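> how does the following fold in three dimensions:
(4 chains, ligands or ions: 4)
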2 protein chains.
Amino acid sequence: MHEHFMILKRHNLKVTPKRLAILEILSTNQCLMTPEVVWKNLKVKMKKIGLPTVYRNLEELSKNGIISKVFHPDRKLYYYFCKSLQHHHHFVCLSCQRVEEINFCNIEEIQRSIEDKLNSKVLSHIIQLNGLCSNCLAKKSERSLKDL
Amino acid sequence: MHEHFMILKRHNLKVTPKRLAILEILSTNQCLMTPEVVWKNLKVKMKKIGLPTVYRNLEELSKNGIISKVFHPDRKLYYYFCKSLQHHHHFVCLSCQRVEEINFCNIEEIQRSIEDKLNSKVLSHIIQLNGLCSNCLAKKSERSLKDL
DNA sequence: TAGATAAATGGAAATGATTTCTATTTATCA
DNA sequence: TGATAAATAGAAATCATTTCCATTTATCTA
Ligand SMILES: [Zn+2]
Ligand SMILES: [Zn+2]
Ligand SMILES: [Zn+2]
Ligand SMILES: [Zn+2]
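Ligands and ions are numbered 1, 2, ... in the order given. Next up is the predicted model:
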């Protein structure tokens, strides 16, 4: 997509087929994806694509704010291409990795009070809801819901 | 400390010297600690203590809600012995790992709105502020503050 | 449009945190 | 005090992620 071309240009990143393919895959999935999953998807279309390349690019894209790195209880790396350009947070389905963007953040008021009270500097914050999306919720019985 | 003895009993966990020592170390440090750091501290006092034992116990204690597992941008495992028994969140110093407890959480209102809007089930949440504590802030020059 | 050049890539190998395995030890409880 | 299940040590395995380096490629300029 030409849009991805422009995104890379805007950030002074070389426009390579690999990068475009990575952006393509991420942007068409409303899911968290690990580098390995991205890689497996890429291999369907491209003969040669190395896993380290995927790792490197995901990190690079994330550093440039093009995609976001998301915290997950399993501590693996997950990336997500956010539709919203504004500051926001995520609801992550623990079962299927689906992501919904939450356009809510009241961090500023907490932050100010923390900085005043503790005389410290807040540099970043994490707000994330984990749970089951509507699809997965429908599939689960009450029983299996308990051992999550 | 007898208090730790009681904590283990209450959770039906065998009271072993290793567990008591782990709780002792965590509770006297207002810092996030990795399993390895806990282990190195333990080795000063105990001749024999295996790293896997530390990992297992920290996880066990965490599962029982006795200590908490904290998210960190570096994705390593960190644990913390919370003073507060009520639900709360953390301010974590990215430089020295010091932790301050934040007795603020407005998740319920977000949660309700998310569950209604997305027809989903919220199972857990992460709210965490990362930054520099007052000590570390004082040490940093403006310049070095930028590349954090 | 053809080099020059710095950046990107692939593949193999290294790393390093975390987990597993198993034989031995230990806490608990009757 | 002895039975029993749980905890432990130490070594080894696992596995996600990173590093290394030789080769390729995108970009820029003449
Ligand atoms: Zn789902
Ligand atoms: Zn926010
Ligand atoms: Zn600090
Ligand atoms: Zn909360």
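> going forward, measure contacts and count neighbours with C-alpha atoms only.
Will do.
> where's the residue of chain A most remote from its centre, which helix or strand?
For chain A, the residue at maximal distance from the C-alpha centroid (Cα atoms, centre = their mean) is A:K117, at 32.2 Å. Following DSSP states H and E, one finds A:K117 within helix A:107-118.
> sheet partners, orientation included, of the helix or strand just after that helix?
Next helix or strand after helix A:107-118 toward the C-terminus (DSSP H and E): strand A:121-132. When sheet partners are counted by DSSP bridges, strand A:121-132 sits next to strand A:89-93 (parallel), strand B:121-132 (antiparallel).
> okay, the angle between strand A:121-132 and helix B:107-118?
50 degrees (axes from the mean of the first three to the mean of the last three Cα atoms, to 10 degrees).
> in the helix or strand following strand A:121-132, which residues are buried?
For strand A:121-132, the following helix or strand on the C-terminal side (DSSP H and E) is helix A:134-139. Buried residues in helix A:134-139, counted by 16 or more other Cα atoms under 10 Å in any protein chain shown: A:C136, A:L137.
> which residues of chain A lie near DNA strand D?
A:9, A:13-17, A:34-36, A:51-52, A:55-56, A:75-77 (Cα under 7 Å from any atom of the strand).
> where does chain A dip in pLDDT?
Scanning chain A for pLDDT under 70 picks out A:1, A:141-148.
> OK, now which residue of it is nearest to DNA strand C?
Of all residues in chain A, A:I49 sits closest to DNA strand C, at 3.1 Å by Cα to the nearest atom of the strand.
> what about that residue, neighbour count?
When neighbours are counted by other Cα atoms under 10 Å in any protein chain shown, A:I49 registers 14.
> what's the answer for A:K48, then?
10.
> now do the strands in chain A.
Assigned by DSSP state E, chain A shows strands spanning A:68-69, A:79-80, A:89-93, A:99-102, A:121-132.
> can I get these in TSV including distance to B:S134 and mean neighbour count?
Output for the strands of chain A, formatted as TSV (distance: least, Cα to Cα, whole Å; neighbours: other Cα atoms under 10 Å in any protein chain shown):
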stretch	distance to B:S134	mean neighbour count
strand A:68-69	28	20
strand A:79-80	32	23
strand A:89-93	27	23
strand A:99-102	31	18
strand A:121-132	8	20
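> quick one, which of the ones you listed gets closest to B:N106.
strand A:121-132 (11.0 Å; Cα to Cα).
> chain center to the closest one, what's the gap?
Using Cα atoms, centre = their mean, to the nearest Å, the mean C-alpha position of strand A:121-132 is found 13 Å from that of the whole chain.
> alpha carbons of that strand, as PDB, please.
What follows is strand A:121-132, C-alpha atoms only, in PDB (Å, rounded to 0.1, in the frame of the first residue of the first chain):
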ATOM      1  CA  LYS A 121       9.400  12.300  37.100                       C
ATOM      2  CA  VAL A 122       6.900  10.100  35.300                       C
ATOM      3  CA  LEU A 123       8.300   9.000  31.900                       C
ATOM      4  CA  SER A 124       5.900   6.500  30.700                       C
ATOM      5  CA  HIS A 125       2.800   4.600  31.700                       C
ATOM      6  CA  ILE A 126       1.000   1.400  31.000                       C
ATOM      7  CA  ILE A 127      -2.700   1.000  31.100                       C
ATOM      8  CA  GLN A 128      -4.000  -2.200  29.700                       C
ATOM      9  CA  LEU A 129      -7.100  -4.300  30.200                       C
ATOM     10  CA  ASN A 130      -6.800  -8.000  29.600                       C
ATOM     11  CA  GLY A 131      -9.800 -10.300  29.100                       C
ATOM     12  CA  LEU A 132     -11.900 -12.100  26.700                       C
END
